[in-house]
Each structure stands twice: as structure tokens, then as C-alpha cells.
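Chemist: Predicted model and sequence below, questions to follow.
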Amino acid sequence: MALLTFKGGVHPYDGKELSKDRPITLCPPKGDLVYPLSQHIGAPALPVVKKGDRVLAGQKIAEAGGFVSAPVYASVSGTVKSIESHMTPSGNKVESIVVEDDGLYEEAPSFPVKPLSEMDRDEVLQLIREAGVVGLGGAGFPTHVKLSPKEPDKIDTILVNCAECEPYLTSDYRLMMERPEKIIGGLKVILNIFDRAAGYICIEDNKPEAVEIIRKACKNESRIQVKVLKTKYPQGAERMLIYAVTGRKLNSSMLPADVGCIVDNCDTVCSIYDAVVLGRPLLSRVVTVSGDGVVSPGNFECKIGTNVNVVLEAAGGLKEGAEKVIAGGPMMGVAMYDLDVPTVKTTSAITCFMHDDVKSSPVTACINCGRCVKACSEGLVPARLSQFAEKGDLESFEKWHGMECVECGCCSYVCPAKRPLAQMIRNTRRIAMAERKKRGGK
Amino acid sequence: MNDLRNVSSSPHVRAQESSADLMRWVLIALLPASLFGIWHFGPKALFLIVLTVLVCVAAEFLYEKGMHKPVTVADGSAAVTGLLLALNLPVSAPWWLAVLGGVFAIVVVKQLFGGLGQNFMNPALAARCFLLISFAARMTDFTYDAVSGATPLAAMRAGESVDLVSMFVGTTAGTIGETSVIAILLGALLLLWKKVISIRIPGIYLLTFVIFMALFGGHGLDPSYLAAQVCGGGLMLGAWFMATDYVTSPITPAGQIVYGVCLGLLTGVFRCFGASAEGVSYAIILSNLLVPLIERITIPAAFGIARMKRGKKA
């Protein structure tokens, strides 16, 4: 059988061998823990504690600020030191709750849970919402919203995104190797909400060991199947994943639910399991620390709020002269200039490089070679879009479908003139979206 | 750990390949044709090749220095232009013709329009056409080894028969680099293998041309006539090395097909109905002018967009 895939994409060096065989180890927190109130897409959470309060591990410290929002929990026990603006890995300052760890790890009681078969849809969704589960793959979209489509009966496909196409990342791989039962269990929770749907666990073919383990683990599950995908970046992009598995295409104005699909990341599904089956809120996540700029790459279970410097220490620390530290992977991650930031729900990795490709590749003139066109998974012409972007020609930008860009970065990656195409297109998309909002329509 | 680290917008990694690498592959791919030209036409061909390349590189260097622009000769594009221009000269051309052509290609066609990536015509071909119009007699004097040579295409026009094998090997009259089909194909295969070019433009070009000649060439499907037309003149060099010039060809996949069809049709029209037996150079630079229009009508449908439209109609 031909492997499932899509048109376009690139094959960057994936660096996964650095950390793929390092089992998940606990990263003990050190110092204060910082909980930004906005670790998700949507309204910021609202604090329910004040300075001086004592909190327990697993205690809610901020509640959801709306339907599209998610609560935040303390991941250690200690005292609320302050509520102040703090830098996050994405480079923004966000109102955050700072907790001084007392080192006791006193736990708050878990949620009362019932067997899955005795819960109805709303009870399950309520648990997921209460637990603060958001898309842990990077977007941070509140999971309960994703699981509440307008027409739930039209959902026929649940995809667990274990593609992990981003170079260097191995956290999903380790979860598959070490905690397959959580992935299957979490998926069963979702399948329980959508009784017409089939579940697919989607894995790239460069992870045969994981495919093997997950296949074994879901042998007796009639509604769950493993789908093996061709290894290619950005296979894990939502639209590409849906297309590869179902052949359905969606554009920027559609949601996966419009084509009957729901896609959740591997770690997210594990958190759903924790929330609904174990009654535990989202307190930690698996973070890959990798790259040639870190002493001993590995995968770490980090409590949300742990300082990035502490996580780096757990991996032996940065090497002398490391040029770049990225929150996330090299293709879509955000370069950090300040490492005094907390690990947040969407921090899937910290990638450290001794050598910065971008700085050492001078930008030259576009020679119109078309490599960006070939690499674009969305079928766009990045070379033209970036020209329109430079000229500020929004009309042509939209006519050439610039709004369809998913910012995967393939165009910048392949460009022989080393032009920052993705960056120019990204900026112009932001401007065009702001313009649309100003005009009042969508 | 208070020192600020490098920041930039994602992605943070870049593929190895640079523009200069691509130009280097084109130069390497032109080696077989150049070496054959030197072997076939003698040391004068070597002289013209070296001279034209040096003139082009020097012209770019001096222009950029004079205009206080960053010097870009290291990217190899001026050398490619120089080599292509030399391969398009007859071996009998005087040295000053090569100098004039090189300066025209780099300064007028390329730099005055903004340098690499901004020229709308292939510099080497535009210079060739400029020389052809200005110095027609010298540019069409294909005398070599003291024998006045008629090119195979001219011979065919005059009703004489041509030897297909010598055309394929290249032991015929013509410009320095255009005669040997096998040497050109060798280079083209290298570029295809290295994925520097795709077969789309040259493939469609040649296919369209063959169909056109079968219809209007007056010899029907006569295979030896069609083969001679394909192997003769500047078609092979033009199709593989000049129609595929990135800067002056469409970037949209559908546009490349339209462009290939335009090239095939124009070349056919010029060869069948034109005053000269040749037509490739003019076909390519005319098609270069159509590129912006071709791109405008071939904007690719983005992922998921076409489907939505069809869905709406239904």
C-alpha cells in the first residue's frame, strides 16, 4: 500500500536520533513557578487566588475567562507570591501568577470521576474543560471547544496527530513508546463522545517502533486503527494530516469539523485521559530538549510553570557559545532572546543550536527558481506573495491566495536565495486579517 | 546567562543549496557543449568563450562598483550569461562583437533593470538578438576551417539533404555551442538529475514544436525531417538552457506549460514562415515578454480552494 501523504513539503534534517531513545524523565521544578493566564487561544483565564494564598498542587488558580478559554492549575504546592506581567516563551509579556514552591508537593483532591460508560457527552466535555486541556501540539486551542462542533453527528473521523513532523521533537514518540495505553484511552474517551466516528492514530513511517507498539496496544479496539504516513514536513499540519488520511481538503475558512474530522495532538489525548479517567487536571507536559547546543538532549516531564533555565539544566545545560534557543522546533518554533520564561502548556520542545543558519545565510535576490512553489503544501506561490508583501499590495496578496498560508516555513527553508519568505507572508497575513476586522466582515 | 541570543522569525533552519550552487551546476552542465565546441571549431572558440565570460563578469563588477551596489559576481549568474552568449556566437565572430554583446547583456538587459532576478529578458539571448540585428552578416557567417559552412537548417531550406548522425554528434556548422545535440543532452540530463531544472518547459516546448512542424512543415510525419528540425539550429541549446532560465520563465506550474506551448508555436512559425531558417532566439525572448501575462492567468488554485468552489456550484 502506498503511504499516505500530500503534495509539496520538505525533508529537513530531523535530528531525532539525539533524543528519541531517551526515556521521559521527571524534571524537578526549582525556584518560583510562573503560570501565565494566557497559555491558550481565546480569553485569558481569571485568577481565583490572591497574593499570599497557599495553594496545593492540582488546585485551580485561575478559571476560564469565557467559553473559548481554559483554566490554569498550580503544579506545585506553595504560596502565591505575586500576580504580575511576565515574559512567556512566545516573547510576549502576559499577566501571570507566580507561586513560590514549598517543595512539599501537597496535592489537591482529584476530580470525582465515574466509569466512562456512565458519563454522558456533557459530563465528559465538562471534565476536559475543567482540567484545562488545550491543544498541546503548539496551537493551544481549548480542547473542549474542538470537541463541541455544531453538528456532532457529522463527525466520522477522529485523528490523533502523532506525526511529529517537526524536526528534533521526540516527545510524542516517547509517549507512544512509554504510555500507549494513555493515547488509546484518551482516544476512547473522544470516541465515546462521537459514537459514529472511527479513530485513527497517525504516525510517520520513520517511527516503526512506535507503530508496532501502538498497533499492539489497539489490537482489540474495533474502532481504532493505526495510519502510517510518509515522513515529510509538514505532515502533522492539520490540513495535510486530514488530507493524507481521508482525502478531504479544507481551506483557511473551514474547520476540520466541516469535513467530519477532529484532530488532536498525541500529548493532548493523553491529557484527556488524565482528566476524564484519572480526574487529574493538566499539570505537566513532556518537553523535548534537543539540538547540538545542549549537553545531553532528552525528553522531560515538566511541571507547567517551570522556568526554562531549569528545564535546560535537567538536560545538562546549554553548551558554551550556543547561538540560538527556540521554544518548539526549528521549523515553527519561536526563537527566545530571554530564557527567564516558564514552560507553558504549548511548550513542546526547547531546541538549542550552536550555529544559527539564518544569521549565517545572507539574503540575496530572488532568482524565480520556483523551489518555494514546489515545497508549498498549500499550492501557493511564496515568491510572488512575498513580493506583494514587500510592496504592501494586499489585493494581489489575497488574489494569489496568501490567506491560505499555514506558515509552515517550507518556502523559507528551501529558498536558495535564503529569503525570509514565510516571515514576509506571515506579517502580511496579520495585516490583511486586521484590515478585514476593521472592515467588519470576515 | 543574560546575554541576548539570536532571534529571527521561523523557520530557523535553511537548506544547504544556494543560488550560487545552482549557477555552478548550470556552468558544469554547459561544459560538454563548450568542450565539444572548442574541439570542433578550434582554439578561436576557446578564446571567444573565455573572453565573453570575462567581459560579462567584469561588466557586472564594474557596473556594481560604479553604482555603489553590492558586488554579486560571486553568484555566478554573470558567468552563466557570458558562457551562454559565447555558445551562441559563430566562431568567426570578431573579438569586439563578443565584448559588445557581453556588455549589452549585463549592463543594458540585466543591470539597468535592477540586476539579478529583475531582468525580463534572457540577457544572453537579448544580446544575441541585438547582435543579429546589428551585425547580421558577421553573426550568420558560419565559416570554419576555411570552409564556408551552411548550417543544417539552411541546407534543408535550400532543399539539400542533411546527415542526421553528424547533426546529433555536432560536426556541422552553427554557433559554438549549439551544434552537438548529444553534448547538450548530457548537460540537460545532469540538470534534470540534480533537479536544477524540471522537464516541464523544455518537454512541452519540444513536443509543441514537433506537432507544429508535423502540421505545417510540409513534410508531414516524415521522421527524418522532424528529427533534423529538432536537432538543428539553436533549438536544443535554447530549450534546455535558455527557455529554462528561472528569471525569465513563469513560476506557476500551469504557466510553465503555457510558456512551453508559446515557445513551440513561435519557433515553428519563425522556422516555417520566417525569413531565416532559425527562430529559437526570437521565440524565447518574445515569450519572455509574455511571462507576466501568462502568470496572471495561471495563478494556481490553493489547497482546498478549488474543491470549495465546486461544492458551491453543486
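Modeler: That came in fine, so what should we check first?
Chemist: Can I get stretch B:109-129 in PDB, CA atoms only?
Modeler: Provided in PDB are the C-alpha atoms of stretch B:109-129 (Å, rounded to 0.1, in the frame of the first residue of the first chain):
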ATOM      1  CA  VAL B 109      19.500  43.900 -20.300                       C
ATOM      2  CA  LYS B 110      20.300  42.900 -16.700                       C
ATOM      3  CA  GLN B 111      21.700  45.700 -14.600                       C
ATOM      4  CA  LEU B 112      19.600  48.600 -15.900                       C
ATOM      5  CA  PHE B 113      16.500  46.700 -15.000                       C
ATOM      6  CA  GLY B 114      17.700  46.100 -11.400                       C
ATOM      7  CA  GLY B 115      20.200  43.200 -11.600                       C
ATOM      8  CA  LEU B 116      19.700  39.500 -10.900                       C
ATOM      9  CA  GLY B 117      16.100  38.400 -10.800                       C
ATOM     10  CA  GLN B 118      14.700  41.700 -12.300                       C
ATOM     11  CA  ASN B 119      15.500  41.300 -16.000                       C
ATOM     12  CA  PHE B 120      12.500  40.400 -18.100                       C
ATOM     13  CA  MET B 121      14.500  39.000 -21.000                       C
ATOM     14  CA  ASN B 122      17.200  36.400 -21.000                       C
ATOM     15  CA  PRO B 123      20.400  38.600 -21.100                       C
ATOM     16  CA  ALA B 124      22.400  36.200 -23.300                       C
ATOM     17  CA  LEU B 125      19.600  35.800 -25.900                       C
ATOM     18  CA  ALA B 126      18.700  39.500 -25.900                       C
ATOM     19  CA  ALA B 127      22.400  40.300 -26.600                       C
ATOM     20  CA  ARG B 128      22.400  37.700 -29.300                       C
ATOM     21  CA  CYS B 129      19.400  39.200 -31.000                       C
END
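Chemist: wait, isn't A:Cys410 in contact with A:Ala375?
Modeler: Yes. The criterion here is Cβ atoms under 8 Å, and A:Cys410 meets it with A:Ala375 at 4.1 Å. All C-beta atoms are positioned from the backbone trio N, CA, C, and that covers glycine.
Chemist: which neighbours do these two share?
Modeler: Here A:Cys410 and A:Ala375 have A:Gly8, A:Gly9, A:Val10 as joint contacts, going by Cβ atoms under 8 Å, 6 or more residues apart in numbering or on different chains.
Chemist: Just those residues: which are in helices?
Modeler: Using DSSP state H, no member of these sits in helices.
Chemist: Just put those in TSV and tack on neighbour count and distance to B:Gly115.
Modeler: Converted to TSV, the shared contacts of A:Cys410 and A:Ala375 look like this (neighbours: other Cβ atoms under 10 Å in any protein chain shown; distance: Cβ to Cβ, whole Å):
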residue	neighbour count	distance to B:Gly115
A:Gly8	22	30
A:Gly9	21	32
A:Val10	23	28
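Chemist: how about low-confidence regions in chain A?
Modeler: A:1-2, A:441-442 (pLDDT under 70).
Chemist: Could you rerun that using 80?
Modeler: A:1-2, A:138, A:440-442 (pLDDT under 80).
Chemist: can you check the stretch 201-314 of chain B too?
Modeler: Applying pLDDT under 80 to the stretch 201-314 of chain B flags residues B:277, B:306-314.
Chemist: now the helices: where do they sit in it?
Modeler: B:223-231, B:235-237, B:253-273, B:280-297, B:305-313 (DSSP state H, counting those that start in this stretch).
Chemist: Which stretch among those helices is buried most, on average?
Modeler: Among the helices of the stretch 201-314 of chain B, ranked by average contacts under mean count of other Cβ atoms under 10 Å in any protein chain shown, first place goes to helix B:235-237 (a mean of 29).
Chemist: what helices or strands is that helix leaning on?
Modeler: Identification of packing neighbours for helix B:235-237 by 3 or more Cβ pairs under 8 Å, 6 or more residues apart in numbering or on different chains; DSSP states H and E yields helix B:181-193.
Chemist: residues of the helix it packs on that come out buried?
Modeler: Within helix B:181-193, the residues that count as buried by 16 or more other Cβ atoms under 10 Å in any protein chain shown are B:Val181, B:Ala183, B:Ile184, B:Leu185, B:Gly187, B:Ala188, B:Leu190, B:Leu191, B:Leu192.
Chemist: next one: stretch A:350-368
Modeler: A:350-353, A:356-358, A:361, A:364-368.
Chemist: and the end-to-end length of it?
Modeler: Using Cα to Cα, to the nearest Å, one end of stretch A:350-368 lies 34 Å from the other.
Chemist: A:Ser377 versus whichever residue of the stretch 251-400 of chain A sits closest to chain B, what's the distance?
Modeler: In the stretch 251-400 of chain A, the residue found nearest to chain B is A:Asn251; the distance is 3.4 Å by Cβ to the nearest Cβ. Separation of A:Asn251 from A:Ser377 (Cβ to Cβ, to the nearest Å): 12 Å.
Chemist: Name the residues contacting each of the two.
Modeler: Listed as contacting both A:Asn251 and A:Ser377 by Cβ under 8 Å, 6+ apart are A:Arg239, B:Phe303.
Chemist: Which one's more surrounded, those two?
Modeler: Here A:Asn251 and A:Ser377 are compared on neighbour count by other Cβ atoms under 10 Å in any protein chain shown; more neighbours surround A:Ser377, at 24 against 18.
Chemist: Nearest to chain B within the stretch 51-200 of chain A, name that residue for me.
Modeler: For the stretch 51-200 of chain A, Cβ to the nearest Cβ, closest residue to chain B: A:Pro167, 7.1 Å.
Chemist: okay, stretch B:170-186 in PDB with CA atoms only?
Modeler: C-alpha atoms of stretch B:170-186 as PDB (Å, rounded to 0.1, in the frame of the first residue of the first chain):
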ATOM      1  CA  GLY B 170      27.600  18.000 -33.700                       C
ATOM      2  CA  THR B 171      30.100  18.000 -36.600                       C
ATOM      3  CA  THR B 172      28.100  20.600 -38.500                       C
ATOM      4  CA  ALA B 173      28.100  24.400 -39.000                       C
ATOM      5  CA  GLY B 174      26.500  26.600 -36.400                       C
ATOM      6  CA  THR B 175      27.300  28.600 -33.300                       C
ATOM      7  CA  ILE B 176      29.900  27.400 -31.000                       C
ATOM      8  CA  GLY B 177      27.700  25.600 -28.500                       C
ATOM      9  CA  GLU B 178      24.600  24.700 -30.500                       C
ATOM     10  CA  THR B 179      25.700  22.000 -32.900                       C
ATOM     11  CA  SER B 180      26.200  19.000 -30.700                       C
ATOM     12  CA  VAL B 181      22.800  17.500 -29.600                       C
ATOM     13  CA  ILE B 182      24.500  14.800 -27.600                       C
ATOM     14  CA  ALA B 183      26.700  17.200 -25.600                       C
ATOM     15  CA  ILE B 184      23.700  19.400 -24.800                       C
ATOM     16  CA  LEU B 185      21.600  16.500 -23.800                       C
ATOM     17  CA  LEU B 186      24.300  15.300 -21.500                       C
END
